[in-house]
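Participant: after the sequence you'll find the predicted model.
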Amino acid sequence: MRKKNLVFKYVPVAAGILTLLFAITACSSDSESSDDTVSEDVEDIEDETVTELHAAYAAFNADATTIYLDGSNVVIETTGLPNHETVYWGEGNDLYLEEPDVQVTPSIMSSNNNASTITVDATPNLSGSTVDTDFNTIGIAVSGAAIFNDQEGAGALDEAAASLDWTGAHIGPGVYHYHLEPKAFTNDDANLVGVLLDGVFLYGRQCDATGTYPTDLDASGGHTSTTQYTDGAEEYHYHIINELYSNTGSYIAFAGPYQGY
């Protein structure tokens, strides 16, 4: 009875408390709704988290490369030693190829001067600004060797063209690397060449989606279409541009700029 009397005696206060409780409940509902929205956003982010390597990485030379996910990045550790013949293996190696017309640089490939590690985005950022390539490694080819741009020693590549082997590569300086279309694994076709430092894949001169040379390439040689590794989904990727370079009689692997930073 005492509780009932108190309730009736302090009706204004009780009404105020009820009003306050209603406001708190409403705020709580709003908060829960907001929390739900945040949770949904987090779930969306989690859904976008990369949990497995892109199928294209299965094409890389497993004897030369170790490739794994590290958060939102892909780490590629490579010996830099390709799985094809070249004069730059040096006489006595099983993969040595005599190339009398190549003005070889003094170096030959070995396990202690080609190893490197690069980290690329698992999901390239295609909404940012383009970035010029630099004189050094700009990507890793499926063979495990490095990809360079169209410059040699900060000068035109044609000045060093005589030292390029049959697959458009040489040593000079540093690691063995491709400047031109690597004919050892892609020659006027749609084969995968490798991945560049912005996480975008590079393919041969033809497009797997059409079986012809693509006509919609941007300044970097890129466009969006299906590839042999995307299971029917469209994806932005680069192609070796189908234009002969200078006096090399071949095609530049990639000149840039990067689109995926």
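Facilitator: Ah, there it is. Computed from a predicted structure; not experimentally measured.

Participant: now do the buried residues in stretch 203-214.
Facilitator: 203-209, 214 (16 or more other C-beta atoms under 10 Å). Placement of C-beta: from N, CA and C, glycine included.

Participant: show me the domain layout of the protein.
Facilitator: Annotated domains of the chain cover 2-48, 55-251 [automatic domain parsing].

Participant: okay, those domains, which one's buried deepest?
Facilitator: domain 55-251 (a mean of 18; mean count of other C-beta atoms under 10 Å).

Participant: what's the end-to-end length of that domain?
Facilitator: 26 Å (C-alpha to C-alpha, to the nearest Å).

Participant: just give me how far that domain sits from the chain centre.
Facilitator: Between the centre of domain 55-251 and the centre of its chain there are 12 Å (C-alpha atoms, centre = their mean, to the nearest Å).

Participant: with only the CA atoms kept, save stretch 72-87 in CSV.
Facilitator: In CSV, the C-alpha atoms belonging to stretch 72-87 read as follows (Å, rounded to 0.1, in the frame of the first residue of the first chain):
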residue,chain,number,x,y,z
SER,A,72,45.4,-6.1,-47.4
ASN,A,73,48.7,-6.6,-49.2
VAL,A,74,50.3,-9.3,-51.3
VAL,A,75,53.9,-10.0,-50.6
ILE,A,76,56.0,-11.5,-53.4
GLU,A,77,59.4,-12.9,-52.4
THR,A,78,61.5,-13.9,-55.5
THR,A,79,64.9,-15.3,-56.2
GLY,A,80,64.7,-13.3,-59.4
LEU,A,81,65.9,-16.4,-61.3
PRO,A,82,63.7,-17.1,-64.3
ASN,A,83,62.8,-20.6,-65.5
HIS,A,84,63.7,-20.1,-69.2
GLU,A,85,66.9,-20.1,-71.3
THR,A,86,69.1,-17.1,-71.8
VAL,A,87,72.7,-16.2,-72.5
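
Participant: sounds good, over and out.
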